[in-house]
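Student: got a sequence here, can you build the structure:
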Amino acid sequence: MALGSTAALVLVVLAFARVQLSTCHVVIAKVSCLDCKHNYDLSGIKVAVKCDKVKKLATATTQENGVFKVELPATSTDCLAKLLGGPEQLYGENKDLVSKVVKVRHDVNSYTISTPLAFTTSCPLASVVAKSCGVGSSKTVDLPLPPEWGLAPSSYYVPFIPIIGIP
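Tutor: Predicted coordinates:
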């Protein structure tokens, strides 16, 4: 019995000896929805954090309340956070989708974002951004072609305008 308990103690000591305490930098921040109802589920939204002089991109997924947590490499603190997307289509302006990572004053290894990462779930129709949402004219022009020619409607063809250079 004494030999078994000694072996167990040695294993426990070896296990703790292999644990290395690391000081990692953690970004804790939140995304927000500008047009959502109060209890909107913000889980599943992907956020990427890219640091200067670091090749690896750190990604995080938000919780139900929009909070995300991601570890930064200890070598760099010059980082940007970017909202990538979610389980549904998200819309936003570039200034709301990217934020600089800044240090939290009261904690040595904690960081947050300087401006909130914000998005909307519907395309803003009344703004300049509407064209980037895919909103536009879907009218096709169908030129009348004689049926004797046996061609498909003209809207099926890609328009081709030849460019002829004349010196």
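Student: where does the prediction get shaky in the protein?
Tutor: Of all residues in the chain, those with pLDDT under 70 make up the ranges 1-23, 74-76, 125-142, 155-163, 165-167.
Student: would you list every one of the helices in it?
Tutor: Secondary structure of the chain, counting by DSSP state H: helices at 2-18, 94-97.
Student: residues in contact with the shortest one?
Tutor: Counting by C-beta atoms under 8 Å, 6 or more residues apart in numbering, the neighbours of helix 94-97 from elsewhere in the structure are 82, 83, 115, 116, 117, 118, 119. Placement of C-beta: from N, CA and C, glycine included.
Student: wait, which of these is closest to residue 51?
Tutor: residue 82 (12.1 Å; C-beta to C-beta).
Student: that closest one: what's it in contact with?
Tutor: Residue 82 touches 47, 48, 49, 50, 97, 98, 99, 117, counting by C-beta under 8 Å, 6+ apart.
Student: neighbours of the first one, how many?
Tutor: Burial measure for residue 47: 27 neighbouring residues, criterion other C-beta atoms under 10 Å.
Student: does it really touch residue 60, like I thought?
Tutor: Yes - using C-beta atoms under 8 Å, residue 47 makes contact with residue 60 at a distance of 5.1 Å.
Student: any of the contacts of helix 94-97 buried? List them.
Tutor: The neighbour count (16 or more other C-beta atoms under 10 Å) marks 82, 83, 117, 118, 119 as buried among these.
Student: can you list contacts of the longest strand seen in the chain?
Tutor: As assigned by DSSP state E, the longest strand anywhere in the chain is strand 25-33. The contact list for strand 25-33 (C-beta under 8 Å, 6+ apart) reads 40, 42, 45, 47, 49, 60, 62, 65-74, 77, 79, 81, 83, 99, 101, 109-113, 116-121.
Student: from those residues, which land in strands?
Tutor: Short answer: the contacts of strand 25-33 in strands (DSSP E) are 47, 49, 60, 67-72, 79, 81, 83, 99, 101, 110-113, 117-119.
Student: of the contacts of helix 94-97, just say which sits nearest to residue 164.
Tutor: residue 82 (45.1 Å).
Student: specify the beta-bridge partners of that closest one.
Tutor: residue 48, residue 98 (DSSP bridges).
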